[in-house]
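In: coords please:
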Amino acid sequence: MSASPTIVWFRRDLRLSDHAALSAAVKRGGPVIPVFIRDAMVDGLGAAPKWRLGLGVECFGAALQEVGSRLVLRSGPAREVLEELVEETGAGAVYWSRAYDPDSVERDTRVKEALKARGVEAESFTGHLMFEPWSVETQQGAFYKVYTPFWKSVKGRDVAAPVNAPSELKAPGTWPESEALAEWALGAAMRRGAEVVRPYVRLGEQAAQTRLGVFMRDKVADYAEARDRVSEDGTSGLSENLSLGEISPAQCWHAGLRAVEAGKAGAETFLKELVWREFAYHLMWHTPRILTDNWREEWDAFPWNEDERLKEVKAWKQGRTGIRFVDAGMREMYVTGRMHNRVRMIVASYLTKHLMCHWRVGQKWFEDCLIDWDPASNAMGWQWSAGSGPDATPYFRVFNPVTQREKFDPDRAYVNRWIAEERSEPAEEALAYFDAIPESWPLSAGDAYPEPIVDVKSGREKALKAYENRGF
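Out: Numbering: from 1, shown residues only. Presented below is the predicted three-dimensional model:
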C-alpha cells in the first residue's frame with residue numbers, strides 16, 4: 001500500500017467498471033488522479049470520432065464526480081504532460097489501458113521508459129481486448145491469418161469476470177489544474193451535422209450497459225438472421241460504446257455466454273462478432289501495415305483509382321450514385337453517425353469494385369464520418385470488402401447492390417427511410433440528411449434522383465476483367 005497518488009491515464013476506456021488500470025490504482029491505496037490528455041493523436045481524429053470523443057469525455061467526467069473524483073484535462077505531448085503531472089502531484093505511479101495501433105504503441109513505450117527513468121511506476125493493463133495479441137498462436141507459434149481457426153482457438157478460453165466499478169475514489173489533497181473541455185472545441189469540424197447526429201448517440205457507460213441489457217433480453221435470440229435485415233433494429237449497436245471503451249468486451253462476452261446458456265439461438269453469433277473485432281486487433285498488432293497498405297502485397301499492382309476529385313467518388317460520398325441501397329447507407333451515416341453492417345459491405349464493395357477506387361479512399365472517409373470509428377475494424381472491413389485483406393471476400397465476389405437490396409430490404413423500408421428525392425412524403429430521417437451534409441453540397445429534397453453513375457452489370461464486368469488481367 002502506498003500513500004503517493006496514482007495517475008490513471010484514460011484514453012479509449014471511458015468507464016469505471018471492469019477497468020483493470022483503475023482497479024489497480026484503487027488497490028495501490030493512495031489518491032487516484034484520473035487524467036485525459038489531448039495529444040496529437042486526439043487532434044488527428046476525424047470530425048465525427050473527435051466530436052463523439054468529446055461527448056464521451058464530458059460524460060465520463062460527470063461519472064467520476066459521482067464517485068468523489070474528477071477528470072483532469074491537459075493538452076500536449078503525453079510524455080511531457082505526464083511528467084509535469086508527476087512533478088505537480090508527487091504521484092508514484094501512472095497506470096493506463098493498453099492500446100494496439102502502432103502509433104499508440106510507440107507513444108506508450110516512450111512514456112513508460114521516461115517515467116521509469118524518473119523512478120515512477122508505469123504500467124499498462126488489459127481492457128480493450130479479451131485476448132492479448134501475443135497470447136493467441138497457431139501450433140507453429142505464428143499468428144492466425146484466417147478467422148475461423150482463430151475463433152476455434154479462443155472460443156473456449158476463460159475470460160476474467162468483469163469487475164464492479166469502485167463506489168468511491170480517494171481524492172488528492174489538492175487537485176492539479178485542469179483545462180476546460182469546451183475550449184478544446186473537439187466538435188468544431190462537425191459543424192451543423194452535430195445537431196442532427198446527437199439524438200442518435202447513446203452516451204456513456206450507463207447507456208452502454210442499458211443497450212447491452214436490452215439487446216440480450218429482446219434481440220439476441222434472433223440476432224443471427226435479424227442482423228442482416230437492414231430495416232430492423234436487430235443489432236446490438238454496441239460498436240459505438242466499444243470504440244471508446246464505455247463498455248468492455250469482457251462485459252459483452254459474459255452477457256453473451258449467459259444468453260448461450262439460456263438457449264438463445266443468436267447468442268453464439270454475437271460472440272463470434274466480438275471475436276471478429278478481436279481478430280482485427282490481432283492482425284493490426286502483428287501486421288500494422290493493414291492500416292495503410294494492402295495486407296496482401298500482390299494487390300499493390302492493382303490499378304485502383306486514388307483520385308478523390310473524380311465525380312464518381314464525389315457522388316459516392318454524397319450518397320448520389322443512383323444506386324439506392326448504396327446511397328441510403330451513406331445517408332444513414334450522415335444522419336446517425338453509423339451505418340448498418342450489411343450496408344457497409346455493400347457500400348465498400350461498390351466503391352472498390354464497381355467504381356474501382358482504392359479502399360483507402362473509403363477508409364479515410366469513414367474515419368471522418370463514423371462515431372463508432374475504430375482503427376482496426378475500419379481497416380479490416382475495407383480490406384475485407386476490397387479483397388486485399390486477410391480472410392477477404394474473393395476478388396470474383398462483387399456484391400450486386402440491387403439484388404442485395406431485394407434480399408435484405410425487400411419492402412424498401414430501409415431505402416425509403418433514407419432517400420427523400422421524388423417522394424411525395426419523405427421520411428423525417430431522409431430529410432435530415434440535407435440538414436447534416438456540408439453546406440457546400442448544394443443539394444435539396446426537391447432535386448431529381450440521379451441516374452446510376454455506373455451500371456451495376458457493366459461495373460461488375462469491368463472489375464472482373466481487371467482482376468483477370470492482373471492474374472487474380
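
In: Which positions in stretch 151-159 come out as buried?
Out: For stretch 151-159, the buried set under the neighbour-count rule, 16 or more other CB atoms under 10 Å, comprises Trp151, Ser153, Val154, Val159. Every residue, glycine included, has its C-beta placed from N, CA and C.

In: Which of those fall within helices?
Out: Judged by DSSP state H, these include Trp151, Ser153, Val154 as members of helices.

In: nearest to Pro426, of the buried residues of stretch 151-159?
Out: Trp151 (42.3 Å; CB to CB).

In: tell me the contacts of the closest one?
Out: Contact partners of Trp151, counting by CB atoms under 8 Å, 6 or more residues apart in numbering, are Lys272, Val275, Phe279.

In: Please tell me I have it right and Gly187 contacts Gly193.
Out: No: contact criterion CB atoms under 8 Å: Gly187 and Gly193 do not qualify, at 9.4 Å.

In: out of those two, which sits in the more crowded spot?
Out: The residue with more neighbours, out of Gly187 and Gly193, is Gly193; 22 against 19, by other CB atoms under 10 Å.

In: ok, back up a step: of all the contacts of Trp151, which comes closest to Phe60?
Out: Val275 (26.9 Å).

In: Please tell me how far the closest one sits from Ala208.
Out: Distance of Val275 to Ala208, given as CB to CB, to the nearest Å: 19 Å.

In: And for Val454?
Out: Distance of Val454 to Ala208, given as CB to CB: 40 Å.

In: again with Gln318
Out: From Gln318 across to Ala208, the span is 32 Å (CB to CB).

In: The two: which has the busier surroundings?
Out: Higher neighbour count among Gln318 and Ala208: Ala208, with 25 against 18, using other CB under 10 Å.

In: my read: the more buried one touches Ser243, true?
Out: No: the criterion here is CB under 8 Å, and Ala208 misses it with Ser243 at 10.7 Å.

In: Pass me the low-pLDDT residue ranges in the stretch 251-400 of the chain, would you?
Out: 392-396 (pLDDT under 70).

In: And the helices in the stretch 101-250 of the chain, which stretches?
Out: For the stretch 101-250 of the chain, the helices defined by DSSP state H, counting those that start in this stretch cover 102-117, 147-154, 181-184, 193-197, 204-214, 223-226, 239-243, 249-261.

In: Quick one: closest of those to Lys407.
Out: Closest of the helices of the stretch 101-250 of the chain to Lys407 is helix 223-226, at 12.1 Å (criterion: CB to CB).

In: Could you name the helices and strands sitting against the closest one?
Out: helix 267-286 (3 or more CB pairs under 8 Å, 6 or more residues apart in numbering; DSSP states H and E).

In: helices and strands around the helix it packs on, which ones?
Out: Counting contacts by 3+ CB pairs under 8 Å, 6+ apart, helix 267-286 is packed against helix 147-154, helix 223-226, helix 249-261, helix 375-386.

In: Out of the ones you listed, which one sits most buried?
Out: For the helices and strands packed on helix 267-286, average neighbour numbers computed from mean count of other CB atoms under 10 Å are highest in helix 375-386, which has a mean of 24.

In: Could you check the angle that helix makes with helix 102-117?
Out: Relative orientation of helix 375-386 versus helix 102-117 (axes from the mean of the first three to the mean of the last three CA atoms, to 10 degrees): 160 degrees.

In: distance between the very next helix or strand once past helix 375-386 and the chain's centre?
Out: Per DSSP states H and E, helix 375-386 leads on to helix 401-408 as the next helix or strand towards the C-terminus. Offset of helix 401-408 from its chain centre (CA atoms, centre = their mean, to the nearest Å): 26 Å.

In: and what of stretch 93-107?
Out: How far stretch 93-107 lies from its chain's middle: 17 Å, per CA atoms, centre = their mean.

In: Now that stretch: average pLDDT?
Out: What stretch 93-107 shows for mean pLDDT is 98.

In: what about that stretch, start to end distance?
Out: Its first and final residues considered, stretch 93-107 spans 18 Å by CA to CA, to the nearest Å.
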